[in-house]
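Asks: What follows is a predicted protein model with its sequence.
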Amino acid sequence: MAEAMGFFTDTTVCIGCKACEVACKSWNQLPAREGGQPELSGISYDNTVQLSGTTWRHVKFIEQFDSPYNGRWLMMSDVCKHCVQAGCIEVCPTGAIIRTEFDTVVIQSDVCNGCRACIAGCPFGVIDMNPVSGTAQKCTLCYDRMSVGLEPACSKACPTDSIQFGPIDELRQRAQRRLEQLQSQGETKAQLYGADPEGPVGGLNSFYLLVDEPEVYGLPSQPKLPSRNLASSAAGSVVGAAVLGAVGLVTLRKRRSEEVAESERGGPPRA
Amino acid sequence: MGDRRVPDTFFTTPPEWTWWIVFYFFIGGIAGGSFFIASLLYLFGRINDRPLVRLGYYVAFIGAVISGVLLVLDLHRPLRFWHMLIESNTGNPMFKSWTPMSVGSWGLLLFGLFAALAALSAAREEERVRWGPGFVVGSAFRTVVAIIGGVLGFFLAGYTGVLLSVTNRPVWADSPMLGALFLISAASTAAATLILLARRRYIGDEISLGKLAEFDKSALVLELVAIVAFLITLGAAARVFLSVWGALLVLGVIGAGIVLPLAMGMGWIKRWSSRPVMAATLVLVGGFLLRVVTLLSSEQVHIAGSRVITP
């Protein structure tokens, strides 16, 4: 297996230019929404609104203002997290979702049958249907570009190096240095999200530097695998089945009084 | 600003499992429930219960066929439905024991097979059909089919709830009770379906129908307990039901679908105490609404920008 590769996104230097969104759409030939008609969401400058099957990069705009003159913008380029333990791979019933030699997660469009289990299984709301292909789609971390030694389109296009691409171990070291720098400057809420390989879902191969709680950015604080509920839910079903079986035996069984009545009538008639 | 108090499951995207799946969960539950009721009646009931046994097998078979069709229609690439069972690139069997949808695909296939065998056996017994191997009317064969098919019926009735729990979606993944709840609801709706069909077609005697009504009442009590446990275990995710979905759950599922038919069956409402068809219809409406509420309430939670949108 090749070296694990990924993204480190330093949200503190994102300027919200959306070059990553454009580069992603362009390289991956993803269609525009609504035939390219402009749509205003009313959510700050965020008219992309969410990741989807045709939008694999999404720049979030978060306005934190006490008054018109006192506050700040938080901007974050969101993407598939390429989880080390991926919920989507776990629940995919067709084997369409695979882990590549770069430790990234890719959906094989020719295998996917559009059941949408991966959409429900992703703890980050990353995956969605592509209406053109009729399959679930998301960021591939530009598998095609990586395979020939090229950098993914989004990080290549990022003008401020908010999105940094490279070997995960190297990115983690870089992120740690940047975190210490910010904290020394008084940014006490600065934190790495998904950089810890001992953390939730085994760490993220696309991790973030945030300056507020994850929920502020629309991220779950403790992302979990769907399989965490398998044993408890299945056990509940088995208990339910046992109770129902017992109730069925009590209510549906042949009773002694019925046997007596039937024998008095000269035995049971043919069914 | 993002909301710091919402559960982690709210930061996800809805899979758009809507009406095809609502109907599948409802009809699949009735199919599975009908089979295990029929199995219990066959294995432990009277010979006079056999008309109801056969009706249960017919309902199970028809329900299994409809379930398969509904599931295929729900796929965005329906012609690739076989990818659930066979690895498309190797031709090997596709089976993931830790994935309810994978296990469920095989479970439905096997259930359909046993439901078909049971229905064929019943049809031969009634001389509705004259083809097929003779052993299908043999006692040993029927017993084996009743046992294995009954277990598969329990599985089909309950795995759908487990499937929802093994996700990261609000409501579904926030409680471990959905598997048990759907299973018990499948039992009550299956019993109600058999009562309705039996009364309409004059199948089975009053003793058989009385037993079925007793079973249905017990299942409704269990269902009520399971719903309360479900709501308690939801924790903060229960806020989804502070909406029209909560009203539908309380009035439609609990009130009209459980409490009212239970009260009618117990004779608490004198005017309606001898209306089994009406009670069974209410149970079916309640069971359907349970699937509607469970699926669609979660479907309405999504992210817009960095915010969570709830119903």
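Replies: Okay, I see it.
Asks: Please make it C-alpha for all contacts and neighbour counts, starting now.
Replies: OK.
Asks: right, is stretch B:83-94 up against chain A?
Replies: Yes. Shown here: stretch B:83-94 in contact with chain A (CA under 8 Å from any CA of the partner chain) through B:83, B:84, B:85, B:86, B:87, B:88, B:89, B:94.
Asks: By pLDDT, give me the weakest of these.
Replies: Scanning those for pLDDT, the low point is residue B:89. It has 88.
Asks: Skipping adjacent residues, who's closest to it in space?
Replies: Closest residue in space to residue B:89, ignoring its immediate chain neighbours: residue A:111 at 8.0 Å, by CA to CA, 6 or more residues apart in numbering or on different chains.
Asks: okay, the residues of stretch B:83-94 next to chain A in a markdown table with distance to residue A:177, secondary structure and neighbour count next?
Replies: Below are these laid out as a markdown table (distance: CA to CA, whole Å; DSSP: H, G, I helix; E, B strand; the rest coil; neighbours: other CA atoms under 10 Å in any protein chain shown):
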| residue | distance to residue A:177 | secondary structure | neighbour count |
| --- | --- | --- | --- |
| B:83 | 46 | helix | 21 |
| B:84 | 46 | helix | 26 |
| B:85 | 49 | coil | 20 |
| B:86 | 48 | strand | 16 |
| B:87 | 45 | coil | 18 |
| B:88 | 46 | coil | 19 |
| B:89 | 45 | coil | 11 |
| B:94 | 45 | coil | 21 |
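Asks: So which residues make contact with stretch A:38-50?
Replies: With contacts defined as CA atoms under 8 Å, 6 or more residues apart in numbering or on different chains, stretch A:38-50 is touched by A:55, A:58, A:59, A:60, A:61, A:62, A:63, B:303, B:304, B:305.
Asks: And the residue minimising distance to the centre of chain B, how far from residue B:179?
Replies: Nearest to the geometric centre of chain B sits residue B:29, at 1.8 Å (CA atoms, centre = their mean). Residue B:29 sits 11 Å away from residue B:179, going by CA to CA, to the nearest Å.
Asks: what sits in contact with each of these two?
Replies: Shared contacts of residue B:29 and residue B:179 (CA under 8 Å, 6+ apart): residue B:158.
Asks: For residue A:110, the count of nearby residues, please.
Replies: Using other CA atoms under 10 Å in any protein chain shown, residue A:110 has 12 neighbouring residues.
Asks: same deal with the one 3 residues further on?
Replies: Residue A:113 is flanked by 24 other residues according to other CA under 10 Å.
Asks: and it, helix, strand or coil?
Replies: At residue A:113 the chain is in coil, as set by DSSP: H, G, I helix; E, B strand; the rest coil.
Asks: Can you check the pLDDT for residue A:67?
Replies: On the pLDDT scale, residue A:67 gets 89.
Asks: Also residue A:263?
Replies: pLDDT, residue A:263: 63.
Asks: Can you give me the buried ones in the host helix or strand of residue B:70?
Replies: Counting by DSSP states H and E, the element that carries residue B:70 is helix B:50-74. Of all the residues in helix B:50-74, those buried under the rule 16 or more other CA atoms under 10 Å in any protein chain shown are B:50-68, B:70-72, B:74.
Asks: which stretches of the stretch 101-250 of chain A form strands?
Replies: Ranges of strands in the stretch 101-250 of chain A, per DSSP state E, counting those that start in this stretch, are A:105-107, A:128-130, A:135-137, A:163-167, A:191-193, A:206-210.
Asks: Now distance to residue B:276 too, for these, in JSON lines please.
Replies: Output for these, formatted as JSON lines (distance: least, CA to CA, whole Å):
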{"stretch": "strand A:105-107", "distance to residue B:276": "51"}
{"stretch": "strand A:128-130", "distance to residue B:276": "45"}
{"stretch": "strand A:135-137", "distance to residue B:276": "46"}
{"stretch": "strand A:163-167", "distance to residue B:276": "66"}
{"stretch": "strand A:191-193", "distance to residue B:276": "58"}
{"stretch": "strand A:206-210", "distance to residue B:276": "59"}
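Asks: can the helix holding residue B:70 be found next to chain A?
Replies: Yes. Using CA under 8 Å from any CA, we find that helix B:50-74 touches chain A at B:50, B:51, B:74.
Asks: and the nearest residue to residue B:104 once chain neighbours are set aside, what element?
Replies: In space, and not counting its chain neighbours, residue B:104 is closest to residue B:159: 6.7 Å by CA to CA, 6+ apart. Following DSSP H and E, the helix or strand that holds residue B:159 is helix B:139-165.
Asks: Pull the number of nearby residues for the closest residue to residue A:197 other than its chain neighbours.
Replies: Once flanking residues are discounted, residue A:197 sits nearest to residue A:203: 4.3 Å by CA to CA, 6+ apart. Residue A:203 is flanked by 21 other residues according to other CA under 10 Å.
Asks: can you pull the pLDDT of the residue nearest to residue B:89?
Replies: In this model, residue A:111 is scored at 97, pLDDT.
Asks: what's the answer for residue A:268, then?
Replies: pLDDT at residue A:268 comes out at 48.
Asks: The one 3 residues further on now?
Replies: At residue A:271 the predicted local confidence, pLDDT, stands at 40.
Asks: Same check on residue A:195?
Replies: pLDDT, read off for residue A:195, is 96.
Asks: and if you look at residue A:257?
Replies: Residue A:257 is given a pLDDT of 69.
Asks: Where does residue B:180 fall, secondary structure wise?
Replies: Per DSSP H and E: helix B:178-201 holds residue B:180.
Asks: Show me what that helix is packed against.
Replies: helix A:230-252, helix B:19-44, helix B:50-74, helix B:139-165, helix B:206-234, helix B:276-299 (3 or more CA pairs under 8 Å, 6 or more residues apart in numbering or on different chains; DSSP states H and E).
Asks: and that helix, how far out from the chain's middle?
Replies: In terms of CA atoms, centre = their mean, to the nearest Å, the gap separating the centre of helix B:178-201 from the centre of its chain is 8 Å.
Asks: got the angle for it vs helix A:230-252?
Replies: 30 degrees (axes from the mean of the first three to the mean of the last three CA atoms, to 10 degrees).
Asks: quick one: which of the contacts of stretch A:38-50 sit in strands?
Replies: With strands taken from DSSP state E, the overlap with the contacts of stretch A:38-50 comprises A:58, A:59, A:60, A:61, A:62, A:63, B:303, B:304.
Asks: For the residue nearest to the fourth one when sequence neighbours are not counted, give me phi and psi.
Replies: The spatially closest residue to residue A:61, leaving aside those adjacent along the chain, is residue A:75, at 4.8 Å (CA to CA, 6+ apart). The phi and psi values for residue A:75, taken as degrees, to the nearest 10, are phi -130, psi 140.
Asks: can you pull the contacts of residue A:75?
Replies: Per CA under 8 Å, 6+ apart, neighbours of residue A:75: A:11, A:12, A:14, A:15, A:16, A:59, A:60, A:61, A:62.
Asks: Pull up the gap between it and residue B:165, please.
Replies: Distance of residue A:75 to residue B:165, given as CA to CA: 33 Å.
Asks: Residue A:127 too?
Replies: From residue A:127 across to residue B:165, the span is 18 Å (CA to CA).
Asks: ok, now residue B:157?
Replies: Taken as CA to CA, the span from residue B:157 to residue B:165 is 14 Å.
Asks: for the record, mean pLDDT for stretch B:99-119?
Replies: For stretch B:99-119, the per-residue pLDDT averages 97.
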